[in-house]
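J.: take this sequence and fold it.
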Amino acid sequence: MRSQWYGAAFGGKALELAGRVVHPEYQEQGIATTMLDNLLLTTQPEFLTTYTRNPRILRMMNHVSSELYPLVDDEELRSLATTMNYAEPRGNALYHINRYDENGLFVGVDPASYPFEKDGISLKQQFEELINVRNALVVAARVRR
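T.: Predicted coordinates for the structure are as follows:
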């Protein structure tokens, strides 16, 4: 897992997550969540941020957070998300428009076609700008203590 300290406006209290990849053979075993747990033990940030269109990433972040924007409307988290590079408000969330090339980031089925919650609606239905495979959701979370 690659990460970097982010958030000059937040005094370095936010950790931006980037570059999470788990080989398909090992997915759904909690490897990324365990790595995130270990990272948080050593870095101890107050907030996490990322760009994603994958509900698995949202679930991983939700595992370690008390609130997750834009799933929860939280002014402080929205303010943090607004400071992220290329964050644009559109409808009910912030997006990085055209983050990925014309074919999107994923080959095959787009993860935004799946829901965050087991019986919920897809991320594309919940966050309309994700209909375009080039766009990413801007996410901010408050780390649970």
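
J.: and for this structure, the residue most distant from the center?
T.: Distance from the C-alpha centroid of the chain, by Cα atoms, centre = their mean, peaks at residue 25 (22.4 Å).

J.: what bridges to residue 115?
T.: residue 122 (DSSP bridges).

J.: OK, contacts around it?
T.: 55, 121-123, 126 (Cβ atoms under 8 Å, 6 or more residues apart in numbering). Using the backbone N, CA and C atoms, a C-beta is placed for each residue, glycine as well.

J.: okay, the residue farthest from the centre of the chain and residue 31: tell me how far apart.
T.: 11 Å (Cβ to Cβ, to the nearest Å).

J.: kindly report the same for residue 145.
T.: Applying Cβ to Cβ to residue 145 and residue 31 gives a distance of 24 Å.

J.: give me the neighbour count for residue 130.
T.: 23 (other Cβ atoms under 10 Å).

J.: now the helices for the chain?
T.: Assigned by DSSP state H, the helices in the chain fall at 31-43, 55-64, 75-82, 123-126.

J.: show me what the first one is packed against.
T.: Counting contacts by 3 or more Cβ pairs under 8 Å, 6 or more residues apart in numbering; DSSP states H and E, the secondary-structure elements packed against helix 31-43 are strand 2-6, strand 14-18, helix 55-64.

J.: just send the ones you listed back as a markdown table, with distance to residue 108 and mean neighbour count too.
T.: Shown next, in a markdown table, are the helices and strands packed on helix 31-43 (distance: least, Cβ to Cβ, whole Å; neighbours: other Cβ atoms under 10 Å):
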| stretch | distance to residue 108 | mean neighbour count |
| --- | --- | --- |
| strand 2-6 | 23 | 14 |
| strand 14-18 | 22 | 20 |
| helix 55-64 | 15 | 20 |
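
J.: so can I have JSON lines of those showing distance to residue 79 and mean pLDDT?
T.: Shown next, in JSON lines, are the helices and strands packed on helix 31-43 (distance: least, Cβ to Cβ, whole Å; pLDDT from 0 to 100):
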{"stretch": "strand 2-6", "distance to residue 79": "14", "mean pLDDT": "48"}
{"stretch": "strand 14-18", "distance to residue 79": "11", "mean pLDDT": "84"}
{"stretch": "helix 55-64", "distance to residue 79": "18", "mean pLDDT": "92"}
